[in-house]
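S.K.: Return atomic coordinates for the entry below.
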Amino acid sequence: MTQIRLLLLLMIFVLSSAPGATAESPPLEDTIWDVREGREISREELIKKLRPARFILLGERHDNIRHHQHQAWLIDKLSQTDRRFALVFEMVERHKQNAFALFAQRFRPGRGQQAPQRHDATGLNLFLDWDNSGWPDWSFYKPLFDIAYLKGLALGAAGLSRHEIGRMHQQGLEGIPEELRAPLLPYLKKTLPPALDNRLRQTIVTGHCNTLPETAVTRFMEIQRTRDAFMAWALQKHEKEFARDGAILIAGNGHVRQDLGVPYYLRGMKAEGKILSLAFLEADVEKNSLAEYTGNPEENHLPYNYIWDYIWFTAQQPRPDPCAIFKNTSETNIAP
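M.R.: This is a model prediction of the structure:
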């Protein structure tokens, strides 16, 4: 069971991993790139490019606080119009959606009283039981919720619970909650194009430090696809119910990939409007060009050859090697 819990934790961070920091400053650090155009752009130009999209997907390395600070800045700039987005989070499990309403009740005035000022999300973490969620410290994410309350943005949950993911480890697609089968299974039962299937498989394998037995890889792929499909469905649901003016998703970099992440399912579900994705990546001192992060689109021959529309590079953050636990041990035959 200890090994299974370890794999579940690794899966949360599998698609947003990066190497540890070095003393030398990487060439692309603190730059923003338009991937399709292959050129560096300014912050102001990025805002202009993102603003027309109906669905804006902001990626992140979960434990990098700079990524969250930049996300908060973007949300502030994007909401400086009459347009009001729904702000949707991978980190909030779907059964906690009501926590936003319960938190809001604190600010409803009593008879003859004025409503108290609500400018931030102080205390929301208690309603979300954040300390027991497994995500990085609340201080990392609070600025995003603060902006939402300051700007009057609707908040939405787009995460599956640990229990639901655990059932899928045991039962595969049969473990999907009953009420989600109708909206999700039509898209999950469709076979991915071979190139995308291979790409997802390799991502899962390398993201789990090449320790997964072959029998487990397919199950992990099903779980990853289900999480992406659910986020796509939840993003549209929250946009229609609460905002009707667009939605922003906060999720790991792997989930906002145009080729096989949430955008893949948004397109499959015939979502209306433009879909744009931005990844926050930690710059690598050994990589000198954009192509070293994105690969060569000409080799893929897919509708969406590029991985993300835009990339914002930040400094690397020192952290332990996530694969170190698997080194010098014979216990690598792990099954879900």
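
S.K.: gap between the residue nearest the centre of the chain and residue 56?
M.R.: The residue lying closest to the centre of the chain (CA atoms, centre = their mean) is residue 251, at 1.5 Å. To residue 56, residue 251 is 11 Å away according to CB to CB, to the nearest Å. For glycine as for every other residue, the C-beta is placed from the backbone atoms N, C-alpha and C.

S.K.: just residue 65 next, same as before
M.R.: Distance of residue 65 to residue 56, computed by CB to CB: 21 Å.

S.K.: Would you mind measuring from the residue nearest to the centre of the chain to residue 86?
M.R.: Taken as CB to CB, the span from residue 251 to residue 86 is 14 Å.

S.K.: Would you state the strands of the stretch 51-200 of the chain in chain order?
M.R.: Assigned by DSSP state E, counting those that start in this stretch, the stretch 51-200 of the chain shows strands spanning 55-58, 86-93, 154-159.

S.K.: which residues does residue 191 contact?
M.R.: Residue 191 makes contact with residue 197, according to CB atoms under 8 Å, 6 or more residues apart in numbering.

S.K.: do residue 192 as well
M.R.: Residue 192 makes contact with 200, 225, 260 under the criterion CB under 8 Å, 6+ apart.

S.K.: Show the pLDDT at it.
M.R.: You'll see residue 192 listed with a pLDDT of 93.

S.K.: Show me the shaky parts of the protein.
M.R.: Applying pLDDT under 70 to the chain picks out residues 1-24, 107-119, 296-305, 327-336.

S.K.: On the three-state scheme, the closest residue to residue 220 other than its chain neighbours is what?
M.R.: Distances taken as CB to CB, 6 or more residues apart in numbering put residue 204 closest to residue 220, at 5.0 Å, once the chain neighbours are dropped. At residue 204 the chain is in helix, as set by DSSP: H, G, I helix; E, B strand; the rest coil.

S.K.: What is the burial count for residue 204?
M.R.: 22 (other CB atoms under 10 Å).

S.K.: Quick check: it vs residue 288, distance?
M.R.: In terms of CB to CB, residue 204 sits 28 Å off from residue 288.

S.K.: Excluding chain neighbours, what is closest to residue 152?
M.R.: residue 84 is the one closest to residue 152 (CB to CB, 6+ apart), at 6.4 Å.

S.K.: what about that neighbour, how many residues close to it?
M.R.: Neighbours around residue 84, by other CB under 10 Å: 16.

S.K.: ditto for the one 3 residues further on
M.R.: Residues within reach of residue 87, counting by other CB under 10 Å, total 26.

S.K.: Return the residues in contact with it.
M.R.: With CB under 8 Å, 6+ apart, residue 87 has these contacts: 75, 144, 147, 148, 153, 154, 155, 156, 247, 248, 250.

S.K.: related to what we said a few turns ago, in this model residue 217 seems to touch the residue nearest to residue 220, though I could be wrong.
M.R.: Yes. If you go by CB atoms under 8 Å, residue 204 and residue 217 touch, sitting 5.8 Å apart.

S.K.: if I look at the residue nearest to residue 220, how far off is residue 37?
M.R.: For residue 204, the distance to residue 37 - CB to CB - is 30 Å.

S.K.: Next: residue 261.
M.R.: 21 Å.

S.K.: So for these two, which sits in the more crowded spot?
M.R.: residue 261 (29 against 11).

S.K.: What residues does the more buried one make contact with?
M.R.: 57, 228, 254, 255, 277.

S.K.: if we can go back for a sec, is it possible to get JSON lines of the strands of the stretch 51-200 of the chain that adds distance to residue 180?
M.R.: Output for the strands of the stretch 51-200 of the chain, formatted as JSON lines (distance: least, CB to CB, whole Å):
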{"stretch": "strand 55-58", "distance to residue 180": "20"}
{"stretch": "strand 86-93", "distance to residue 180": "13"}
{"stretch": "strand 154-159", "distance to residue 180": "12"}
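
S.K.: Among the ones you listed, which comes closest to residue 284?
M.R.: Of all the strands of the stretch 51-200 of the chain, strand 55-58 sits nearest to residue 284, with 20.8 Å by CB to CB.

S.K.: Check which helices and strands the closest one is in contact with.
M.R.: With contacts taken as 3 or more CB pairs under 8 Å, 6 or more residues apart in numbering; DSSP states H and E, strand 55-58 sits against helix 65-78, strand 247-250, helix 262-268, strand 275-282.

S.K.: Out of those, which is closest to residue 100?
M.R.: That would be strand 247-250 among the helices and strands packed on strand 55-58, by CB to CB, at 14.3 Å.

S.K.: Can you tell me what sits against the closest one?
M.R.: By CB under 8 Å, 6+ apart, strand 247-250 touches 54-58, 60, 71, 75, 78, 85-91, 144, 156, 158, 231, 235-236, 238-239, 255-256, 262.

S.K.: And the helices in the stretch 201-336 of the chain, which stretches?
M.R.: 214-238, 262-268, 291-294 (DSSP state H, counting those that start in this stretch).

S.K.: Go through those helices and name the closest to residue 307.
M.R.: Nearest to residue 307, of the helices of the stretch 201-336 of the chain and by CB to CB, is helix 291-294 at 5.6 Å.

S.K.: Adding distance to residue 308 and mean neighbour count, write the helices of the stretch 201-336 of the chain out as a markdown table.
M.R.: Below are the helices of the stretch 201-336 of the chain laid out as a markdown table (distance: least, CB to CB, whole Å; neighbours: other CB atoms under 10 Å):
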| stretch | distance to residue 308 | mean neighbour count |
| --- | --- | --- |
| helix 214-238 | 14 | 21 |
| helix 262-268 | 9 | 22 |
| helix 291-294 | 8 | 15 |
